[in-house]
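Trainee: from the sequence below, what's the structure:
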Amino acid sequence: MLEDRILVWRLNRGDTAALCRIYEKYRDDLLKVAGALLFDNSSIEDVLHDVFVDVAAKTGHLQLRGSLKGFLAICVANRARDRNRTLQRRTTVPLDQTLQSPVSQAEPQHTAQRGEVMQRMHEAMLELPEEQRETIVLHLQSKMRFREIAIHKGISVNTAMSRYRYGLNKLRSALDGEL
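Mentor: Predicted coordinates for the structure are as follows:
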């Protein structure tokens, strides 16, 4: 947290190395958030790039109310939501698979089963309302507390917790104990 405050301070004073350090520090986590929220695999890195272009444009007057990681995760979630809306307006083709299982040297049967489970989980996540899906991803992937989510989304803490709980309940019923 202290390192993040120092990085933001350095960034606001024009230190480009600070932006590079922020990118390196949070890149993988933010890619996971984007991957969990986007309908289109090809947009994942584009969304992350756009967020960091926006952060660079705010050099000199970037102020944080919470954690830097939380701020960036919210920016990625907002950008992903906008990208999904744009894609939905353009086309009505089926959604692409965004959660892919890593390639491993395990038995082919195990790899195939894992791929099926990941596909089913992805489909169940896409069935959730956008607010619930975002809250689940921000809480589980980005490790954001409900208070942070509430502040960044402009909702109450109880609303954030309810969206999370209702989303998990819908996932459980959609998956019928498959996982």
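
Trainee: what about the chain, any weak spots by pLDDT?
Mentor: Applying pLDDT under 70 to the chain flags residues 88-115, 177-179.

Trainee: could you pull out the helices for it?
Mentor: Listed in chain order, the helices found in the chain under DSSP state H are 2-12, 16-37, 44-57, 68-90, 108-127, 130-140, 146-153, 157-175.

Trainee: mean neighbour count for the ones you listed - can I get that in JSON lines?
Mentor: Where you see a C-beta, it was placed from the backbone N, CA and C, and this is true even at glycine. Compiled in JSON lines, these are given as follows (neighbours: other Cβ atoms under 10 Å):
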{"stretch": "helix 2-12", "mean neighbour count": "15"}
{"stretch": "helix 16-37", "mean neighbour count": "18"}
{"stretch": "helix 44-57", "mean neighbour count": "17"}
{"stretch": "helix 68-90", "mean neighbour count": "19"}
{"stretch": "helix 108-127", "mean neighbour count": "14"}
{"stretch": "helix 130-140", "mean neighbour count": "22"}
{"stretch": "helix 146-153", "mean neighbour count": "20"}
{"stretch": "helix 157-175", "mean neighbour count": "16"}
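
Trainee: which residues touch residue 32?
Mentor: Contacts for residue 32 were tallied using Cβ atoms under 8 Å, 6 or more residues apart in numbering; they are residue 141.

Trainee: from residue 167, how far off is the residue nearest to the spatial centre of the chain?
Mentor: Within the chain, one residue has its C-alpha closest to the average C-alpha position: by Cα atoms, centre = their mean, that is residue 33, at 2.1 Å. Here the distance between residue 33 and residue 167 works out to 15 Å (Cβ to Cβ, to the nearest Å).
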